[in-house]
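Engineer: Quick check, what structure comes out for this input:
(chains A and B)
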Number of protein chains: 2
Amino acid sequence: MRRPSIRRAAAWLLLSISGCAPTAIPPAESATTPRPSVDIDRDQITQVSVINALMLGQYDGQLPIADLHQYGDFGVGTLDHLDGELIVLDGKAYQVRGDGAVLQVDPARSTPFVVITPFDQDGTFPCPKVDSLSALDAHLATALPQQNNFVAIRIEARVASITMRSVPRQEPPYRPLSEVAKGQSVWTRQKVSGTFIGIRSPSWVDGLNVPGTHWHFLSNDHTIGGHVLDCQIGEGQGQVRYDVCGDWHLKLSESTQFNALDIGRDLRRDLKRVESSRGPADESENAK
Amino acid sequence: MRRPSIRRAAAWLLLSISGCAPTAIPPAESATTPRPSVDIDRDQITQVSVINALMLGQYDGQLPIADLHQYGDFGVGTLDHLDGELIVLDGKAYQVRGDGAVLQVDPARSTPFVVITPFDQDGTFPCPKVDSLSALDAHLATALPQQNNFVAIRIEARVASITMRSVPRQEPPYRPLSEVAKGQSVWTRQKVSGTFIGIRSPSWVDGLNVPGTHWHFLSNDHTIGGHVLDCQIGEGQGQVRYDVCGDWHLKLSESTQFNALDIGRDLRRDLKRVESSRGPADESENAK
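Structural biologist: Numbering: from 1, shown residues only, chains lettered A, B, ... in the order given. I've put the predicted structure just below:
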C-alpha cells in the first residue's frame, strides 16, 4: 500500500540541509541539458495512471504538479478535471486550456494522467520535410527503430502549419473521454516556431498508454500550444532530438474506485478517435 | 538510453561513507520486516523484461543477482539460461534447479525475468482450507479485491500436499518457453512446512506479466521448492500476509535483439500451458 510520500521529500530535504547531497544538480537554464532535482534513474519514463482509466472518466488528480520535477522535465498529459492539455518542457509545466490559452500551471494543481522523463539526448538529426503528422510518424518509425522501448522525441521546428486541439474543463460526475472529446476545440496556425513534445510508446501498451506517438506542441513565445492533430514542416525547418527510455514506471492509484475499473476493456477504437480526430467529419471518416 | 548504474551505486557509497544517509536501514533478521538497502519507493514492484520476451526465448540475464536487493526482498523469476526457478525470500535468492535441488544463488549470476518488491505487510489473515491451488486463488480474489493493483502474497503454511515443477538449464540458440516447458520436471511432496511466494498481477498485464498469481514455494529447511502447480492446505495450517503495490516499474532491455521481438503477439494460450500444466496429460486436458 502506498506510504505517504513525505518520507522521500523529508530525506531529500535532510540531504540538502546537511550539505552532503552528491546528486544535487543546480537548476539548468540550458534548453538541451535540463535536469530534474531528484535522482531517479535518468533512463526512466514515469506514467501516472493508465490511459483506459482516463478513457473511463477518472479525471481526479493523482500527482501534484509540484512533484512532477521528481520524475523529469519533459512530458505530456492533462490536468485534474481534464482541464486542457498538459505540457512539461525544460522542467516547466504549461496548461493549454480548452479555449487555446497557454498558462504556466499552478503547482497546487494535479494531474490524473501524465507521461514524463528526464530528457537526456541520445541523438539528433534534422527533421525531414513532412506534409502531415502521419508522414512525420512514419519517418520516425524508420529513423528510430526501437519499437519495444519508449522514446521521448523533442523537435524544435518552424512549422508551415499546425493543427491542434484542447478539451474543456469537466465537473463531476465525469463523462467518458470519448464523450468529452466531441466537445474539443480545434485550431490551425501557420508559420509558428516552437517545440514538439512527443512520447512514443510501443504498440503493446494498449489500454495502458497511447500506442504510437502522443504529440503536444508549444510555441517559442508560449502563446500557442495544444495536442497536435496535424502539421506541415518544410525542408530544413526542424531538428529532431530523442531519448530512448528503457525503464517504464507506472504509478497506479490504490483506491477502491480505481480498482473497480474495467481497465482491460478494449477501448482502442474510442482512443483512436480521441487522439487523432478533428471532429465529427473525421469521425464519420473513421466509421467507414 | 541506459546509463551505467555506477552513478547510483557511487552516490549510495558516498552517502554511506559520509555518514549522512538518512535512509540507511540496517539489515533486518526478522522474517516479517526485511528491508532492502536502497531507498526505492517501498510501494514499488519492479519487473525485469516482459513475459512475452521470455516466452520467445530471451533467456540471457538482464540484471545481476547482486543488484536484486536494490529492488526488494520478495519475488519470483528465473535465472539466466532459464536455469530453474528463482525465489527471493527475506532478501536471499534461491535457485530451484531442473532436478529439484535448492541452492542459494551465486551473486555473479543474473536474471532474464524477475518480479520483486520490498515486502511491507499491509494485512494478514488465516489461510483457508483449500483442496487445490485454484481454490486458493479464488479465495484470495475475494479476500483481496484490488484487481488493478499488484499484490505480493506471502503464505507461511504447512501443506498437506504440494505439486511443483522446475525447468532444465538451456543453451543457445534458445527455444521458445512453450517448447522448453514440455521437458519440465514435476514432483509432489506431502506434509511440508514452508512459504508460498506469490505475485498477483492484474488481468490487463497480458503479454507483459502473468495475469493472476505466479506462485513459487520454498520449504522452511530450504530443501524443497519450485513453481507451484497445485497444493492442498488443511484448516488452520497457514497464514496469509499481503502487500498491495501501486507502483509498477518495468526494466526493459534497449538491445536491438529485444527491440526486434514481436512482444505484442498473442501468446496467452502458450503462457497458460507453461504456467499451469503438469505435462502432456494436462495439455490434452487443455486442448479439449
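
Engineer: What's the biggest strand in chain A, counting residues?
Structural biologist: If you go by DSSP state E, chain A has its longest strand at strand A:225-245.

Engineer: Would you tell me whether it gets close to chain B?
Structural biologist: Yes: judged by C-beta under 8 Å from any C-beta of the partner chain, strand A:225-245 and chain B are in contact via A:243, A:244. Every residue, glycine included, has its C-beta placed from N, CA and C.

Engineer: Flag every residue of the stretch 51-200 of chain A that's near chain B.
Structural biologist: A:52, A:120, A:122, A:145, A:146, A:147, A:148, A:149.

Engineer: change it to 7 Å
Structural biologist: By C-beta under 7 Å from any C-beta of the partner chain, the residues of the stretch 51-200 of chain A that approach chain B are A:122, A:145, A:146, A:147, A:148, A:149.

Engineer: rewinding a little: give me the helices and strands touching the longest strand of chain A, please.
Structural biologist: In terms of contacts (3 or more C-beta pairs under 7 Å, 6 or more residues apart in numbering or on different chains; DSSP states H and E), strand A:225-245 is packed against strand A:85-89, strand A:92-96, strand A:123-126, helix A:133-143, strand A:150-166, strand A:212-219.

Engineer: got the ones you listed as TSV, with mean neighbour count columns?
Structural biologist: As requested, those are exported to TSV (neighbours: other C-beta atoms under 10 Å in any protein chain shown):
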stretch	mean neighbour count
strand A:85-89	26
strand A:92-96	22
strand A:123-126	12
helix A:133-143	16
strand A:150-166	22
strand A:212-219	22
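
Engineer: Turn those into CSV, including mean pLDDT.
Structural biologist: Shown next, in CSV, are the helices and strands packed on strand A:225-245 (pLDDT from 0 to 100):
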stretch, mean pLDDT
strand A:85-89, 98
strand A:92-96, 98
strand A:123-126, 97
helix A:133-143, 97
strand A:150-166, 97
strand A:212-219, 97
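
Engineer: which residue is nearest the centroid of chain A?
Structural biologist: residue A:76 (1.2 Å; C-alpha atoms, centre = their mean).

Engineer: Relative to chain B, how far out is that residue?
Structural biologist: Distance, residue A:76 to chain B, by C-beta to the nearest C-beta, to the nearest Å: 19 Å.

Engineer: Find the helix or strand that that residue is a member of.
Structural biologist: Using DSSP states H and E, residue A:76 maps to strand A:74-78.

Engineer: Note down every partner strand of that strand and its orientation.
Structural biologist: strand A:85-89 (antiparallel), strand A:113-117 (antiparallel) (DSSP bridges).

Engineer: now those as a markdown table including distance to residue B:210?
Structural biologist: Output for the strands paired with strand A:74-78, formatted as a markdown table (distance: least, C-beta to C-beta, whole Å):
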| stretch | distance to residue B:210 |
| --- | --- |
| strand A:85-89 | 33 |
| strand A:113-117 | 25 |
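
Engineer: mind listing what's buried in the longest strand of chain A?
Structural biologist: For strand A:225-245, the neighbour count (16 or more other C-beta atoms under 10 Å in any protein chain shown) marks A:225-234, A:237-238, A:240-245 as buried.

Engineer: likewise stretch A:98-114?
Structural biologist: Buried residues in stretch A:98-114, counting neighbours by 16+ other C-beta under 10 Å, are found at A:98, A:100, A:102, A:105, A:109, A:110, A:111, A:112, A:113, A:114.

Engineer: how close does the second one sit to chain B?
Structural biologist: It stands for residue A:100. 35 Å.

Engineer: Can you give me the first-to-last residue distance of stretch A:93-102?
Structural biologist: 10 Å (C-alpha to C-alpha, to the nearest Å).

Engineer: Can you name the residues in contact with it?
Structural biologist: Stretch A:93-102 is contacted from outside by A:65, A:68, A:79, A:83-87, A:103-105, A:166-169, A:185, A:187, A:218, A:222-226, using C-beta atoms under 7 Å, 6 or more residues apart in numbering or on different chains.

Engineer: Run through the bridge partners of the nearest residue to residue A:198 once chain neighbours are set aside.
Structural biologist: Closest residue to residue A:198 apart from its sequence neighbours, by C-beta to C-beta, 6 or more residues apart in numbering or on different chains: residue A:153 at 3.8 Å. For residue A:153, the beta-bridge partners under DSSP bridges are residue A:198, residue A:242.

Engineer: List the residues that contact residue A:153.
Structural biologist: By C-beta under 7 Å, 6+ apart, the contact list for residue A:153 reads A:140, A:198, A:200, A:213, A:240, A:242.

Engineer: Roughly how far does it sit from residue A:120?
Structural biologist: As judged by C-beta to C-beta, to the nearest Å, residue A:153 and residue A:120 stand 13 Å apart.

Engineer: what's the closest of the contacts of residue A:153 to chain B?
Structural biologist: residue A:242 (9.5 Å; C-beta to the nearest C-beta).

Engineer: Does the closest one touch residue A:144 like I think?
Structural biologist: Yes: counting by C-beta atoms under 7 Å, residue A:242 touches residue A:144, with 5.9 Å between them.

Engineer: Can you pull the residues that touch both of the two?
Structural biologist: residue A:151.

Engineer: I'd like to know the average pLDDT value across stretch A:176-191.
Structural biologist: What stretch A:176-191 shows for mean pLDDT is 95.
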